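1. okay, sequence plus prediction incoming.
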Amino acid sequence: MKEFDYVIIGGGCAGLSLAYELEINDKLKEKTLAIIEPRKEYKRDKTWSFWKVFNHNFEDCIIKSWNNFTINTSENSHELRTKKFPYQSIDSGKFYKKINSKLSSNSNISFFKNLNEINSKSSVVFNSVFEGELDKSKLWQHFQGVEIETSQDVFDDEILNLMDFNCDQKNNVHFFYTLPFSKNKALIETTWLSDLKNYNLMDYDLQLENYIKNNLRIKNYKIKFVEKGAIPLFYPSIKKNSKIISIGSAGGMTRLSTGYTFLNIQEHCKYILKNIDKIDKVEKYNLGYKYKFLDNIFLKVLKKNPEKMPNIFYKMFKCSPNTVIKFLSNKSNILNDISIISKMPKLIFIKALFN
Ligand SMILES: Cc1cc2nc3c(=O)[nH]c(=O)nc-3n(C[C@H](O)[C@H](O)[C@H](O)COP(=O)(O)OP(=O)(O)OC[C@H]3O[C@@H](n4cnc5c(N)ncnc54)[C@H](O)[C@@H]3O)c2cc1C
């Protein structure tokens, strides 16, 4: 069986981002790479959105960027503006196409459907597939989104709605998210923070239909695209093996308080690129112990007090836009952190800290 210098298990966001980063930086001229990916075809399956806090390789895959966003509770609405860190949405279809067309020009890169097809014993392996079944009783961010098109112009495409808590919470945390790509096209998502065992929360089609009709007051529309997902808001178990480097969500690249992963994956790829010749010897990349500690407390509060979360999120966004964006994008300094923490209700956070 054929041997390869590098093996990437999973040709999704992290696997392809890493292959692309290595390829464009000439690291695969003298080395061989096998990508293990079972999917039969690549097509748009996700929309990756984030605040652009640093430059990335996929500016040409952007559907739209915004400088303004709102957050709503049933009582309040708050608008934030930021020129420095635009919010961007990436079309995964364009992303897959761009990367696959680049990789196909290098004969050192091969795709396989199954790891058994190659000999990976002496390869450096990058793994983006979770080890075993993930615990459904833990906290997840689960959601479904529909991209709709209307016959008339109904959206303000200058401003996105990041979180609209004006909806039934069912003793969990629930919000809608609206990304207006144009005046007559938007992605609307229903998002829950809960365990994955409560099937009462999963009638997503109905939730979206009601929200579009009753909250957005749109009667006539066509559904152009549907995406669905569940992101674990807990760290995956990672086997200790210096020859296997975990990447992507399976490598702990999800920020637990938000579910944002895309830009963390890009930063991890840059770290791997920088250290590729000694990757089995350098320290494992992580998002920062500070965020691990703070997110852990935040999620404890969330689990114990779901009914308080709309106001807690709302208060967090009362900080200056750049402060809150930097905090949520793991780029905050101590002053930013203090500013965020000072907005939080002290007693329940202190209780969570000692529990
Ligand atoms: C619908 C959706 C929307 C999201 N939106 C955002 C967002 O807006 N912003 C953000 O920051 N994050 C978002 N995320 C979270 C995160 O960015 C994505 O999940 C991202 O795709 C994670 O990349 P990954 O490479 O870890 O996983 P994936 O992209 O899922 O890649 C894993 C790959 O492994 C393959 N695979 C599965 N089993 C095997 C196997 N046994 N052997 C080999 N390969 C296998 C899969 O086919 C897949 O291609 C979203 C997630 C989902 C599901």
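-> Good, I have the coordinates.
2. where exactly do the strands run in the stretch 201-350 of the chain?
-> Here the stretch 201-350 of the chain has its strands, by DSSP state E, counting those that start in this stretch, at 221-232, 244-246.
3. can you tell me the closest non-neighbouring residue to residue 256?
-> Distance criterion C-beta to C-beta, 6 or more residues apart in numbering; nearest residue to residue 256, sequence neighbours excluded, is residue 295 at 4.2 Å. For every residue, glycine as well, the C-beta is placed using N, CA and C.
4. before we move on, what about residue 224?
-> Spatially, and ignoring its direct neighbours in sequence, residue 224 is nearest to residue 147 (4.7 Å; C-beta to C-beta, 6+ apart).
5. the strand or helix carrying that neighbour near the ligand at all?
-> Take DSSP states H and E as the rule and residue 147 turns out to sit in strand 140-150. No - using C-beta under 6 Å from any ligand atom, strand 140-150 never reaches the ligand; the gap is at least 7.2 Å.
6. you'd agree residue 309 is up against residue 299?
-> No - with contacts counted by C-beta atoms under 8 Å, residue 309 stays clear of residue 299, the gap being 10.5 Å.
7. distance between the lowest-mean-pLDDT helix or strand in the chain and the chain's centre?
-> Ranked by mean pLDDT, DSSP states H and E, the weakest helix or strand in the chain is helix 346-353, scoring a mean of 88. Chain-centre distance of helix 346-353: 27 Å, with C-alpha atoms, centre = their mean, to the nearest Å.
8. and for stretch 224-239?
-> In terms of C-alpha atoms, centre = their mean, the centre of stretch 224-239 is found 8 Å from the chain centre.
9. so is that stretch next to the ligand?
-> Yes - Stretch 224-239 reaches the ligand (C-beta under 6 Å from any ligand atom) through 227, 229, 231.
10. which of the residues you listed ranks first by neighbour count?
-> Most neighbours among these, by other C-beta atoms under 10 Å: residue 231, with 18 neighbours.
11. got the confidence number for that residue?
-> With respect to pLDDT, residue 231 scores 97.
12. I'd say it and residue 257 touch.
-> No - at 11.7 Å, residue 231 does not count as touching residue 257 under the criterion of C-beta under 8 Å.
13. nearest to the ligand: which residue in the protein?
-> Closest residue of the chain to the ligand, C-beta to the nearest ligand atom: residue 12 (1.8 Å).
14. what about that residue, neighbour count?
-> Per other C-beta under 10 Å, the neighbour tally for residue 12 reads 22.
15. who's in contact with it?
-> Residues in contact with residue 12 (C-beta atoms under 8 Å, 6 or more residues apart in numbering) are 37, 128, 248.
16. can you pull out the strands in the stretch 1-150 of the chain?
-> 6-9, 33-36, 47-51, 62-66, 68-72, 77-81, 87-91, 109-112, 124-127, 140-150.
17. let me have the ones you listed in TSV, extended by mean pLDDT.
-> Formatted as TSV, the strands of the stretch 1-150 of the chain follow (pLDDT from 0 to 100):
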stretch	mean pLDDT
strand 6-9	98
strand 33-36	98
strand 47-51	98
strand 62-66	98
strand 68-72	97
strand 77-81	97
strand 87-91	98
strand 109-112	98
strand 124-127	96
strand 140-150	98
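18. of these, which stretch is the most buried?
-> For the strands of the stretch 1-150 of the chain, the largest average neighbour count (mean count of other C-beta atoms under 10 Å) is found in strand 6-9, namely a mean of 25.
19. show me the contact partners of that strand.
-> For strand 6-9, contacts defined as C-beta under 8 Å, 6+ apart pick out 15, 18-19, 22, 31-36, 115, 118, 120, 123-129, 247.
20. outline the domain layout of the chain.
-> Domain assignment for the chain by automatic domain parsing gives 6-65+91-131+236-278, 140-232, 289-354.
21. alright, that wraps it up for me.
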